[in-house]
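Visitor: Quick one, structure for this:
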Amino acid sequence: MNIRVCPAVVVLSQNSVTVGRKITNVLAGAKLYGLVNRTHDVDISFTNFGETLRELFAAGTPIIGICAAGILIRTIAPLLTDKGQEPPVLAVAEDGSAVVPLLGGLSGVNDLARQVGLGLNIKPAITTTGDIRFHTALLSPPAGYHLANPEHGKKFIADLLAGGKVKLQGIAPWLSESNLPIDENGELIIQITENLGNSDPNCLVYHPGKIAIALTKPEPDTITQIHQILAASNLAPAAVSGIFAPLQLANNSQLHSIATTLGVPIRFLPTNELTELVLAATGADSRIVSSPFSQIAVAISTQIINPDTIGQPQGKLAIIGTGPGASQWMSPQVKEILASATDLVGYKTYINLIGHLADGKRVHESDNRVEAERAYQALDLAASGKYVAVVSSGDPGIYAMAAAVFEVLEQYHKPEWQTIDIQVAPGISAMQAAAATIGAPLGHDFCVISLSDILKPWEIIAQRITAAAKSDFVIAFYNPVSKERTWQLAAAKKILMEHRKPDTPVVLGRNLGRKGEEVQVTTLKELEPALADMRTVIIIGSSHTRQIQQDHNIWVYTSRRYNSQE
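Guide: Numbering: from 1, shown residues only. Coordinates of the predicted model:
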């Protein structure tokens, strides 16, 4: 199946989510899109069906709509201009009883329909005559083959259906084992070659991915040099299966640019020897292509090359914030990372918060207090070529794992860690969640202080509380109380009482976005350690923080207009 982009499974109601999940479970990387307020437990939520569908289609994303075929067709119709550029579009019945390929005959829609049908245990409604009669999709070759002249495909298939015979030149099991009318004397020709092929409209040319390119020193003109080597040997760029390079170059932007231009993956190996790199991809019986450039080697394998079986990809490490816990507070970026990651590293409680998004992943759980060990493990996993997501609740950069990862990265200086692609994906913090639930207590200047003295002395914490109190900041306290630490919150209150009025509003948010969520409002005078634990964030108001009543609701906000309050 010639599909390189992960499909989007789109549902409009909660009734369709079960079937949608069955489909995403059989399609690696597929994401479940659900309409806001009508669905839950989806990967990505959207508010406008038409805009979302058209954006996905324009981006070349395969679309599987669990809805009526008509609504898909009418929604996408304005974008139907080039049959050769259409991604697959399928309609699936809400109860999973029908799978109907609609668009994308040149991009593998029938193969995708078969795969979806297999997951739903039904036979897809394929209507393409050539596909049915010949048991193969000539315009949508399998992975490892590229159709060089799709513009000739329509006439070629029409001639076949009219009774034409086809002569097969080259080796391609998916063709020789099909129901094609293969005849040595056929007037139609199918050519399988890594060379630049025939342009005759009676000939379809497929380039098998047998060419490997090894690079040890990518430069701005390397892509031009590669094309020169291929052209001198009459080789088709579409027959290149991948770029193979030393692991130490995994973060080289020029190398990634070359691979993007050629439209192929990069695989990395633990060697700097050019010949070893190219032979690892093509085998000892391959043919080395003459290259005048010392940093480029090209070889042709006797078999189709599957880059996924050679070396490793560049390792990725994403440090993500899931938000307080509720799915609707998790960003689309974080959900996409979780859908793509191979490994999850984190505190068990936080991993449990992501629910089904952990399905199919390798999970590496650890205790909440071993942040450095967890960061070390995540970096090592990523260095081995894994896509690792380090899971934090809230925002990973606020008293969480992002700082721990960078601390360990700086401390150990392991060369293999320098090859990792690292990103931080933000999340909604506990203080933001608590503030939004009760109004806008963070509506003006505020600061954030952790009351935990495990990693910093209490003297520093006390200095910062004093400074913040004198400056009239709203203060958000993290880690206010634990089983072993109860006195710090009482000590913080004593400092605050020297600078704040006893009736200053205080917000306590506990288990935000999770089962047992509780938000309460009290005053500084009434604040006691017994009201909080480690799952509580506390917001101390400033002199401009107000508490108001609206029917049965209590709201707390900090005014933006200082002059009018004085």
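Visitor: Residue 240 - nearest residue in space that isn't next to it in sequence?
Guide: In space, and not counting its chain neighbours, residue 240 is closest to residue 211: 4.6 Å by C-beta to C-beta, 6 or more residues apart in numbering. Every residue, glycine included, has its C-beta placed from N, CA and C.
Visitor: Could you give the number of residues near that neighbour?
Guide: The burial metric for residue 211, expressed as a neighbour count using other C-beta atoms under 10 Å, is 29.
Visitor: Residue 466: what secondary structure?
Guide: Classification of residue 466 by DSSP: H, G, I helix; E, B strand; the rest coil places it in helix.
Visitor: What of the one 10 residues further on?
Guide: Secondary structure of residue 476, reduced to three states by three-state DSSP: strand.
Visitor: For it, give its distance to residue 8.
Guide: Distance of residue 476 to residue 8, given as C-beta to C-beta, to the nearest Å: 37 Å.
Visitor: ok, now residue 41?
Guide: The span separating residue 41 from residue 8 equals 16 Å under the rule C-beta to C-beta.
Visitor: can you pull out the strands in the stretch 51-200 of the chain?
Guide: For the stretch 51-200 of the chain, the strands defined by DSSP state E, counting those that start in this stretch cover 63-66, 89-92, 99-103, 145-147, 166-169, 188-192.
Visitor: right, and those - which one's nearest residue 449?
Guide: Ranking those by proximity to residue 449 (C-beta to C-beta) places strand 63-66 first, at 47.7 Å.
Visitor: Now do that closest one, average pLDDT.
Guide: Over the span of strand 63-66, the pLDDT mean works out to 96.
Visitor: Can you name the residues in contact with it?
Guide: Strand 63-66 is contacted by residues 7-12, 16, 19-20, 23, 30, 53, 56-57, 71-72, 76, 87-94, 112, 116 when judged by C-beta atoms under 8 Å, 6 or more residues apart in numbering.
Visitor: Can you pick out the ones from these that are in helices?
Guide: Within these, residues falling in helices by DSSP state H are 19-20, 23, 53, 56-57, 71-72, 76, 112, 116.
Visitor: filter those residues to the buried ones?
Guide: By neighbour count, with 16 or more other C-beta atoms under 10 Å, the ones in helices among the contacts of strand 63-66 hold 19-20, 23, 53, 56-57, 72, 76, 112, 116 as buried.
Visitor: For the closest residue to residue 230 other than its chain neighbours, grab phi and psi.
Guide: Take residue 230 and drop its neighbours on the chain: the residue closest to it by C-beta to C-beta, 6+ apart is residue 237, 5.8 Å away. Residue 237 has phi and psi values of phi -60, psi -30 when expressed as degrees, to the nearest 10.
Visitor: what's around residue 237, how many residues?
Guide: Other residues close to residue 237 by other C-beta under 10 Å number 18.
Visitor: so the residue nearest to residue 315 when sequence neighbours are not counted is in which element?
Guide: Here the nearest residue to residue 315 in space, its sequence neighbours aside, is residue 382; by C-beta to C-beta, 6+ apart that works out to 3.7 Å. The secondary structure element spanning residue 382 is helix 371-383 (assigned by DSSP states H and E).
Visitor: Give me the residues contacting that helix.
Guide: Applying C-beta under 8 Å, 6+ apart, the contact partners of helix 371-383 are 315-317, 343, 345-347, 364, 366, 388, 390, 401, 404-405, 407-409, 412, 414, 416-417, 419-420, 422.
Visitor: cool, and stretch 127-139?
Guide: Everything outside stretch 127-139 that qualifies as a contact, by C-beta under 8 Å, 6+ apart, is 101, 105-106, 108, 110-111, 126, 147, 150, 153, 156-157, 160-161, 174-175, 178-180, 190, 204.
Visitor: Pull out the buried residues from the contacts of helix 371-383.
Guide: Restricting these to buried positions leaves 315-317, 343, 345-347, 364, 388, 390, 401, 404-405, 408-409, 416-417, 419-420, 422, with burial counted as 16+ other C-beta under 10 Å.
Visitor: Now, the residues you listed that are in strands?
Guide: Among these, the members falling in strands (DSSP state E) are 316-317, 343, 345-347, 364, 388, 390, 422.
Visitor: which of those lies closest to residue 458?
Guide: Minimum distance to residue 458 across these is 24.9 Å, recorded for residue 347 (C-beta to C-beta).
Visitor: Can you tell me the closest non-neighbouring residue to that closest one?
Guide: Taking C-beta to C-beta, 6+ apart as the measure, residue 347 lies nearest to residue 368, with 4.5 Å between them; neighbours along the chain are not counted.
Visitor: Just the pLDDT for the one you found.
Guide: With respect to pLDDT, residue 368 has a value of 72.
Visitor: How about the contacts made by the closest residue to residue 242 other than its chain neighbours?
Guide: Using C-beta to C-beta, 6+ apart and skipping residues adjacent in sequence, the residue nearest residue 242 is residue 307, 3.8 Å away. By C-beta under 8 Å, 6+ apart, the contact set of residue 307 is 241-242, 264-265, 267, 281.
Visitor: what do you get for residue 85?
Guide: Counting by C-beta under 8 Å, 6+ apart, residue 85 makes contact with residue 60.
Visitor: so how far is residue 157 from it?
Guide: Residue 85 is 19 Å from residue 157, where distance means C-beta to C-beta.
Visitor: what's the neighbour count on residue 41?
Guide: Other residues within reach of residue 41 by the criterion other C-beta under 10 Å amount to 14.
Visitor: quick one: it from residue 128, how far?
Guide: In this view, residue 41 and residue 128 are 35 Å apart by C-beta to C-beta.
Visitor: One more: residue 354?
Guide: Look at residue 354 and residue 128: by C-beta to C-beta, they are 40 Å apart.
Visitor: who has more neighbours, the two?
Guide: Set side by side, residue 354 and residue 128 show unequal neighbour counts under other C-beta under 10 Å, the larger going to residue 354 at 23 against 17.
Visitor: Check the more buried one and give its pLDDT.
Guide: Here the pLDDT value assigned to residue 354 is 87.
Visitor: OK, contacts around it?
Guide: Per C-beta under 8 Å, 6+ apart, neighbours of residue 354: 322, 330, 338, 344, 391.
Visitor: From these, pick the one nearest residue 255.
Guide: Looking across the contacts of residue 354 and measuring by C-beta to C-beta, the closest to residue 255 is residue 338, at 27.4 Å.
Visitor: count of neighbours near the closest residue to residue 301 other than its chain neighbours?
Guide: Spatially, and ignoring its direct neighbours in sequence, residue 301 is nearest to residue 282 (3.9 Å; C-beta to C-beta, 6+ apart). When neighbours are defined as other C-beta under 10 Å, residue 282 has 26 of them.
Visitor: same question, residue 524
Guide: Other residues near residue 524 number 17, with proximity taken as other C-beta under 10 Å.
Visitor: who's in contact with it?
Guide: 493, 496-497, 500-504, 506, 540-541.
Visitor: Could you list which of these belong to strands?
Guide: Residues from the contacts of residue 524 lying in strands, with DSSP E as the criterion: 506, 540.
Visitor: Among the contacts of residue 524, name the buried ones.
Guide: Among the contacts of residue 524, those classed as buried by 16+ other C-beta under 10 Å are 493, 496, 500, 504, 506, 540-541.
Visitor: Sort out which one of the residues you listed lies nearest residue 552 for me.
Guide: Comparing those against residue 552 with C-beta to C-beta places residue 506 closest, at 20.4 Å.
Visitor: I'd like the distance from the closest one to residue 452, if you could.
Guide: Separation of residue 506 from residue 452 (C-beta to C-beta) stands at 19 Å.
Visitor: With residue 410 instead?
Guide: 22 Å.
Visitor: Looking at those two, which has the bigger crowd around it?
Guide: Set side by side, residue 410 and residue 452 show more neighbours around residue 452, with 18 against 8, by other C-beta under 10 Å.
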